[in-house]
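**Student:** Predicted structure and sequence below. I'll ask about it afterward.
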Amino acid sequence: MSPPLAALFRPTSIAVVGTNRVQGSVPYDLFHNILRDGFRGKVYPVSPRESSIDGVQAYKYVLDIEEPVDLAVIVFPSSVCHLALEQCGRKGIPAALVISAGFREVGQAGAQREERLREIAGRYAIKLIGPNCLGLINTDPRVSLNASFARRLPEPGAIAFLSQSGALCTAVLDYAQARHIGFSSLVSFGNKAGVTEIDLLRYLADDPRTRVILLYLEEVTDGPGLMAAARQTIAETGKPVLVLKAGRTRAGAAAASSHTGSLAGSDQICDAAFRQAGILRCDTVEDMLDAAVALVGQPVPRGNRVAIVTNAGGPGVLATDRAVRAGLSLAGFTAETTAALKKSLPATASIRNPVDVIGDARADRYQAAVSAVLADEGVDGALVILTPQSMTDIAAIAGEICRLAGASSGEPPSADLTRAAQPKPLYACFMGQRDVAEGADILQSGGVPQYGQPERMCEAFARAWRFGVIRRRLRSEPPVEAEAPAGGTAAGELPARARELLANPAGRRYLPLDQALELLACYGLPVPPYALARTGAEAAAAAERIGFPVALKAVSEQVVHKSDAGAVRLGIGTGGEAAEGFRAVREAALQASGARVDGVLVQAMAPPGLELILGFKRDPAFGTAVLAGAGGIWVEVLRDVSFRIPPFGEGEALAMLEELAVHPLLAGARGRPALDVGALAGCILRVARLALACPGIEELDVNPLLVYERGRGCAALDARVARRRT
Amino acid sequence: MDRSEVERRVSRAILRVLKLPPGEVTPEANFIFDLGADSMQSLQLVAAFEEEFGVEMDQEAALAVLTVASAVDFIKAILDSRG
């Protein structure tokens, strides 16, 4: 059976619905481009008023075409696209591209038109791309389809580009053409009324002509779906997924109602979610294409140990600096490699890494040096730098590099490299513009990633290496389903007491502190003994019962930062102190503007430990984001936090902790004992489970959560739980 | 002016502006989808109706009219409101 989107990517017949004879208009250019760029199937212009266009018989309605049609490209004004799509449905056309603008992007009336398209597509099971898009390109010579208003079909290649912005497609095409970057397909998916980037990603995962998938996104509407599709693509097919996501600087809607709310900007969550799914996030188009040519042209590096070969000292130093900063390391050479370099290079050459073959080096010297370093088992890849001197045979060196990379047309790599068994990536940086242009062309045409600056080359290598790490991780870790920890509660199951606590008969936004702690306990989080006191006498009695010393905390919805308001007393040692402390704490809370005080929490004093914060917040794109970070009163100042999208397993929980600046303290810094990271990871998983089980909670944070020495666990001392607004 | 007269004169204006053979203009016909009017011709149609009936139309509202029958209703309403 054909894949579900085959009619879009590999149609055998196309109707261009709403075209005309006005050259330079979108309706005409769409039709003309399909013809001009050599589409292998049949094309039917559908135009209410024309009998023929460009010498091809035209039809008034798509229903007038007698033969079957695989794909309709609709270019009518938005007000009548639904009429065209309805006819396509009646004709049984399985796929449609609606190029026209004037839908959701223009407001309410447009949104209604878009909804109508969605309804018709749903009713007839039409795979619909758009509206408001540039179209679709498939460079497969068996299809040769340019159903877009891009100026030309790009060179065939193995990169697929999916873009929410049509205009960006044309710019990327132009830019890529200058760098000999080929594409398997390009799709501008516009408003996503039918087919989404997730459907396209899944299709391209199975497309044998595509090896790297690039995605430009302006909005994430189904974050978990995108994560699952990306993860599956990477793990099952090994294809990298690179995303350029706009909107990095938009201020997150950070409600100040909890620490987690103010710490979790939507872009940070997006960043974390992409990382978790193995998506490589890029900052610029150039950045994305730099990484794409590396990943498509050369093997993925097995490690981060690079050898730099250069004919100039300065660029070698620049490359070294950037390589180290990007997380790469300069390989140390074996004695054999050093001997080989010594034998083939002049005495003045540097035979240590970076290898300097000296300014007068010609192709033979590059060949000898690059061969030697690639053969070294301690080298994971070679970075070759060339600066154009008067004696540099640039084109010959480029040809030699292509040959060594095994990327030149049909020429096998040298036998002495043993590369066939263990291919290693080779990148080039021919620095300059005019003099190196021919060499750069040879490299790019030969599939060797070529960069104008050593820094970009190093960044691209680092990205490719990281992708290899990610791919191994995803392949070794099956996706995690929400599940119960030992003694815990399954995600979908809400304990009866938790349900009671969240019922909220009084319509209050926040759970009182005693109830918030009780909720944590329901999910297996370690909460020291506590009691709620409403009088000084009750406080004294509770303290006696719990055992001294105790802490006193005001329970009040309005007081977020209790210690700032003086509404916390620690180290209470007697019943008298407890009664007195009760009055002081209550008074302090009352003085906080408009505070209503429910009582005072009497809580067993926990021994000192490292203070962390755990929490979660809801996110419109990704559902829920769980947070871990450096806790205590400085949490907003330090902003040392990491995020994950639940469900996830212990491996991700531990990785969250490794991302924190505070992580060395957990591992045991400066002779201090290592802390109970296992128990802490367990707490993170419990918070994640609570988040999934309690959709009625908008935000939650546990702060501080104290972490003790290994084997001694954690203690959740305070919590804030905000119900979802109804 | 009665509706049939408005219909007759609307059809005449459409045939003239869009240069269509007689018989193409039916009440259900959509100016764009069935009669193939482009954006310039849509503006010309509005101008032709104004001239034909000696009325002034709100351009945005007039361009939102999609079918021949709706155009007849639209113009009839303007004429009726004039008394």
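**Tutor:** It's in. Numbers count the residues shown, from 1 in each chain, chains lettered A, B, ... in the order given.
**Student:** Could you pull out the helices in chain B for me?
**Tutor:** With DSSP state H, the ranges of helices along chain B come out as B:3-18, B:39-53, B:59-63, B:68-82.
**Student:** Compare these and give me the one nearest A:L204.
**Tutor:** Minimum separation from A:L204 across the helices of chain B (Cβ to Cβ) falls at helix B:39-53, 36.5 Å. Using the backbone N, CA and C atoms, a C-beta is placed for each residue, glycine as well.
**Student:** and that closest one, what does it pack onto?
**Tutor:** Contacting helix B:39-53 under the criterion 3 or more Cβ pairs under 8 Å, 6 or more residues apart in numbering or on different chains; DSSP states H and E are the following elements: helix B:3-18, helix B:59-63, helix B:68-82.
**Student:** Same list, the helices of chain B, but as TSV with mean neighbour count and mean pLDDT please.
**Tutor:** Below are the helices of chain B laid out as TSV (neighbours: other Cβ atoms under 10 Å in any protein chain shown; pLDDT from 0 to 100):
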stretch	mean neighbour count	mean pLDDT
helix B:3-18	17	94
helix B:39-53	17	94
helix B:59-63	13	91
helix B:68-82	16	94
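**Student:** pLDDT weak spots in chain A?
**Tutor:** Under the criterion pLDDT under 70, the flagged ranges of chain A are A:1-3, A:248-265, A:407-422, A:481-493, A:505, A:593, A:595, A:726.
**Student:** Show me the longest helix that occurs in it.
**Tutor:** Looking across chain A with DSSP H, the single longest helix is helix A:454-476.
**Student:** Just checking, which helix or strand succeeds that helix along the chain?
**Tutor:** Toward the C-terminal end, the helix or strand that comes next after helix A:454-476 (DSSP states H and E) is helix A:496-502.
**Student:** What is that next one packed up against?
**Tutor:** Counting by 3+ Cβ pairs under 8 Å, 6+ apart, the packing neighbours recorded for helix A:496-502 are helix A:513-522.
**Student:** Return the list of helices and strands in contact with the helix it packs on.
**Tutor:** Counting contacts by 3+ Cβ pairs under 8 Å, 6+ apart, helix A:513-522 is packed against helix A:496-502, strand A:530-533, strand A:550-556, strand A:597-604, strand A:719-723.
**Student:** Apply 7 Å and report the result again.
**Tutor:** With contacts defined as 3 or more Cβ pairs under 7 Å, 6 or more residues apart in numbering or on different chains; DSSP states H and E, helix A:513-522 has these neighbours: helix A:496-502, strand A:530-533, strand A:550-556, strand A:719-723.
**Student:** Can you name the residues in contact with the shortest one?
**Tutor:** Looking back up the chat, that one is strand A:530-533. A:514, A:517, A:539, A:542, A:546, A:555, A:582, A:599-603 (Cβ atoms under 7 Å, 6 or more residues apart in numbering or on different chains).
**Student:** For it, which strands pair with it and how are they oriented?
**Tutor:** Using DSSP bridges, the strands paired with strand A:530-533 in its sheet are strand A:597-604 (antiparallel).
**Student:** now the strand it pairs with, how far from the chain's geometric center?
**Tutor:** Relative to its parent chain, strand A:597-604 has a centroid offset of 43 Å by Cα atoms, centre = their mean, to the nearest Å.
**Student:** what angle do the one helix or strand A:L244 maps to and helix A:454-476 make?
**Tutor:** Using DSSP H and E, the element containing A:L244 is strand A:241-245. Relative orientation of strand A:241-245 versus helix A:454-476 (axes from the mean of the first three to the mean of the last three Cα atoms, to 10 degrees): 120 degrees.
**Student:** Identify each buried residue in strand A:241-245, please.
**Tutor:** By neighbour count on 16 or more other Cβ atoms under 10 Å in any protein chain shown, the buried set for strand A:241-245 is A:241-245.
**Student:** got the CA positions of stretch A:121-131 in PDB?
**Tutor:** In PDB, the C-alpha atoms belonging to stretch A:121-131 read as follows (Å, rounded to 0.1, in the frame of the first residue of the first chain):
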ATOM      1  CA  ALA A 121     -11.000  17.700   3.700                       C
ATOM      2  CA  GLY A 122     -12.100  15.600   6.600                       C
ATOM      3  CA  ARG A 123     -15.400  14.600   5.000                       C
ATOM      4  CA  TYR A 124     -13.700  13.400   1.800                       C
ATOM      5  CA  ALA A 125     -10.400  12.200   3.500                       C
ATOM      6  CA  ILE A 126      -8.300  14.500   1.400                       C
ATOM      7  CA  LYS A 127      -4.700  15.000   2.500                       C
ATOM      8  CA  LEU A 128      -4.600  18.700   2.600                       C
ATOM      9  CA  ILE A 129      -1.500  20.900   2.800                       C
ATOM     10  CA  GLY A 130      -1.900  24.600   3.500                       C
ATOM     11  CA  PRO A 131      -3.700  26.900   3.100                       C
END
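**Student:** Now tell me what touches that stretch from outside.
**Tutor:** For stretch A:121-131, the external contacting residues (Cβ under 7 Å, 6+ apart) are A:4-5, A:7-8, A:81, A:85, A:88-89, A:93-100, A:103, A:114, A:117, A:136, A:187, A:189-191, A:193-195.
**Student:** near chain A, which residues of chain B show up?
**Tutor:** Residues of chain B lying near chain A by Cβ under 7 Å from any Cβ of the partner chain: B:30, B:32-36, B:38, B:66.
**Student:** Need the residues you listed in a markdown table (columns: pLDDT).
**Tutor:** Listed next are the residues of chain B next to chain A as a markdown table, based on pLDDT from 0 to 100:
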| residue | pLDDT |
| --- | --- |
| B:N30 | 96 |
| B:I32 | 95 |
| B:F33 | 96 |
| B:D34 | 96 |
| B:L35 | 95 |
| B:G36 | 93 |
| B:D38 | 90 |
| B:L66 | 93 |
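**Student:** chain center to stretch B:38-51, what's the gap?
**Tutor:** On the basis of Cα atoms, centre = their mean, stretch B:38-51 sits 8 Å off its chain's mean C-alpha point.
**Student:** Quick one, which of the contacts of stretch A:121-131 are buried?
**Tutor:** Burial by neighbour count, judged by 16+ other Cβ under 10 Å, picks out A:5, A:7-8, A:81, A:85, A:88-89, A:93-100, A:103, A:114, A:117, A:136, A:187, A:189-191, A:193-195 from the contacts of stretch A:121-131.
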